[in-house]
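[1] The following block contains a protein sequence and its predicted model.
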Amino acid sequence: MDYNKKIVNELWQEHEPYIRKLCTYKLKSLPDYADDCVQDVFLDLSDALHKGKVIEYPKAWLTKVANNKIKDIYAQTKKEAEKIVPFESENLNNTYSGVVHDEYFSIEDEQIPVLKGKVINMLDDKEQQLLYDRYTLNKSISVIAKEYNTTENNIYQKLFRLKQKTKMLIEKVLNE
């Protein structure tokens with residue numbers, strides 16, 4: 001096992017419950033974002049360690065990153081809420097509905113299912129099932145843990161690792 005992965009796993013074991021409580025508490029008004037917040041904090045940890053960053057006080061570092069993620073979540077949801085135009089709005093005809101293209105990165109709508117299929121097929125059956133259970137069937141972590149006969153923490157770890165792996169596979173498929 002890679003040294004950085006080992007450190008991330010150890011820090012996950014030690015600090016995940018604390019970071020989860022922090023995210024859950026501070027995101028009470030947006031509870032659907034808590035799980036992603038926790039995972040993003042540890043993804044940032046993994047990225048930082050991979051880039052060679054030395055983290056002397058992991059709990060403080062994780063807390064700071066979590067607080068920044070929480071601020072970003074609230075800012076983003078506020079920004080999205082401001083974009084919503086009531087259907088009855090008199091200015092509905094004046095709203096911009098054009099498609100925005102990133103000049104460096106654009107994918108045809110027809111390509112998305114094909115690319116998604118490629119990424120999913122690169123995962124093993126257990127990983128595909130876990131993704132399906134969590135994100136298609138929207139099963140809770142506790143339900144999945146019971147079905148897999150394991151702990152919730154184990155499922156969180158598997159999802160965390162799967163998110164990292166999927167991110168790498170997406171980059172690989174897009175660069176082909």
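    That came in fine, so what should we check first? Numbering: from 1, shown residues only.
[2] The most centrally placed residue in the chain in helix, strand or coil?
    Geometric centre of the chain, nearest residue: Asp36, 4.5 Å, by Cα atoms, centre = their mean. Here Asp36 is recorded as helix under DSSP: H, G, I helix; E, B strand; the rest coil.
[3] quick one, what contacts it?
    Listed by Cβ atoms under 8 Å, 6 or more residues apart in numbering, Asp36 has no contact partners. Placement of C-beta: from N, CA and C, glycine included.
[4] okay, it: pLDDT?
    For Asp36, the pLDDT comes out at 91.
[5] same thing with Thr166?
    Note on Thr166: pLDDT of 87.
[6] so how many other residues sit close to it?
    By the criterion of other Cβ atoms under 10 Å, Thr166 has 16 neighbours.
[7] That one against Leu130, yeah?
    No. Using Cβ atoms under 8 Å, Thr166 is not in contact with Leu130, being 10.9 Å away.
[8] how far away is Ala81 from Ser29?
    12 Å (Cβ to Cβ, to the nearest Å).
[9] Same question for His15.
    Noted for His15: a distance of 24 Å to Ser29, by Cβ to Cβ.
[10] what about Trp61, distance to Ile55?
    Counting by Cβ to Cβ, the gap from Trp61 to Ile55 is 5 Å.
[11] Now the common contact residues for those two.
    Common contacts of Trp61 and Ile55 (Cβ under 8 Å, 6+ apart): Leu45.
[12] of those two, who's got more company?
    Trp61 (18 against 14).
[13] The helix or strand where the more buried one lies - what's its average pLDDT?
    According to DSSP states H and E, Trp61 maps onto helix 58-83. For helix 58-83, mean pLDDT is 88.
[14] Quick check: next helix or strand after the helix or strand of the chain with the lowest mean pLDDT?
    In the chain, no helix or strand scores lower on mean pLDDT, DSSP states H and E than helix 111-121, which sits at a mean of 84. Downstream of helix 111-121, the next assigned helix or strand under DSSP H and E is helix 125-131.
[15] For that next one, buried residues please.
    127, 130-131 (16 or more other Cβ atoms under 10 Å).
[16] do the same with stretch 163-176
    By 16+ other Cβ under 10 Å, the buried positions in stretch 163-176 come out as 164, 166, 169.
[17] Could you do stretch 37-49 as well?
    Residues 37-46, 48-49 are the ones in stretch 37-49 that count as buried (16+ other Cβ under 10 Å).
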